[in-house]
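S.K.: Please work out how this folds:
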Amino acid sequence: MGLFDKLAGWLGLKKKDVNVLCLGLDNSGKTTIINQLKPTNARTQDIVPTIGFSVEKFKTSSLSFTVFDMSGQGRYRNLWEHYYKECQAIIFVIDSADKLRMVVAKEEMDTLLNHPDIKHRRIPVLFFANKMDVRDALSSVKVSQVLGLENIKDKPWHICSSDALRGEGLQEGVDWLQDMMKANIH
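M.R.: As a prediction, the model looks like this:
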């Protein structure tokens, strides 16, 4: 580490690196959300379903995020747990318009939160109740009730309504996550 890096670190100018897992069922909008968080010139025009996982990076004013965008397809969900140990935050995306699969999303969330590598850590969990632009989408309050988020007592969590296609609601969520990470990182 060079002198400038050390000085920047002492002054709090250096961006802290944070590993974030982005999870949720397939077609919930994970990749679109991550794409919206990247700088405009780095965004992808055509979003395709994620196979396995992809790694994306974006920065906020004080943090440098490395986001592992995990496929939500059933056959890939067992890969999620291999990344739990290294993550410092979780973004869980729910398709608010997909009422039929809300139960599956809850099961996956419960499995995640009860995994030994997650259960006893105070990892912040940001929920995006995505696809608010779709007719008959559930509100974030209703999504919170269906998922039983009020039962999460051992981790800081926050839910945001979002429309990933337009980028609505994403900044609020990232601001909350950034505040949580700054509070946890020394």
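S.K.: Tell me, please, where in the chain the pLDDT is lower than the cut-off.
M.R.: 1-15, 49-53, 70, 72, 74, 76-77, 185-186 (pLDDT under 70).
S.K.: So in terms of bridging, what pairs with the most centrally placed residue in it?
M.R.: Per Cα atoms, centre = their mean, the C-alpha nearest to the average position across the chain is that of Ile91, at 1.6 Å. With DSSP bridges as the criterion, Ile91 is bridged to Cys22, Leu126.
S.K.: how about it, what does it touch?
M.R.: The contact partners of Ile91, by Cβ atoms under 8 Å, 6 or more residues apart in numbering, come to 20-23, 30, 33, 67, 125-128, 173, 177. From N, CA and C alone the C-beta is placed, and that goes for glycine too.
S.K.: now Phe92
M.R.: Phe92 is in contact with 23-24, 109, 112, 125-128, counting by Cβ under 8 Å, 6+ apart.
S.K.: separation between it and Ser144?
M.R.: Going from Phe92 to Ser144 by Cβ to Cβ, to the nearest Å gives 12 Å.
S.K.: Residues in contact with both of those two, list them for me.
M.R.: By Cβ under 8 Å, 6+ apart, the residues touching both Phe92 and Ser144 are Phe127.
S.K.: From the contacts of Phe92, pick the one nearest Phe58.
M.R.: Of all the contacts of Phe92, Leu126 has the smallest distance to Phe58: 14.1 Å, by Cβ to Cβ.
S.K.: State the number of residues packed around the closest one.
M.R.: By the measure other Cβ atoms under 10 Å, the count of residues near Leu126 is 22.
S.K.: Isn't Leu143 up against Asp98?
M.R.: Small correction: residue 143 is Val, not Leu. No. Counting by Cβ atoms under 8 Å, Val143 stays clear of Asp98, with 10.6 Å between them.
S.K.: neighbour-wise, which of these two wins?
M.R.: Val143 (25 against 18).
S.K.: Tell me the buried residues in the helix or strand Val174 falls within?
M.R.: When elements are defined using DSSP states H and E, Val174 is found to belong to helix 170-184. For helix 170-184, the neighbour count (16 or more other Cβ atoms under 10 Å) marks 170, 173-174, 176-178, 180-182 as buried.
S.K.: Nearest to Lys57 among these?
M.R.: Val174 (13.5 Å).
S.K.: Roughly how far does that closest one sit from Gln73?
M.R.: Val174 is 25 Å from Gln73, by Cβ to Cβ.
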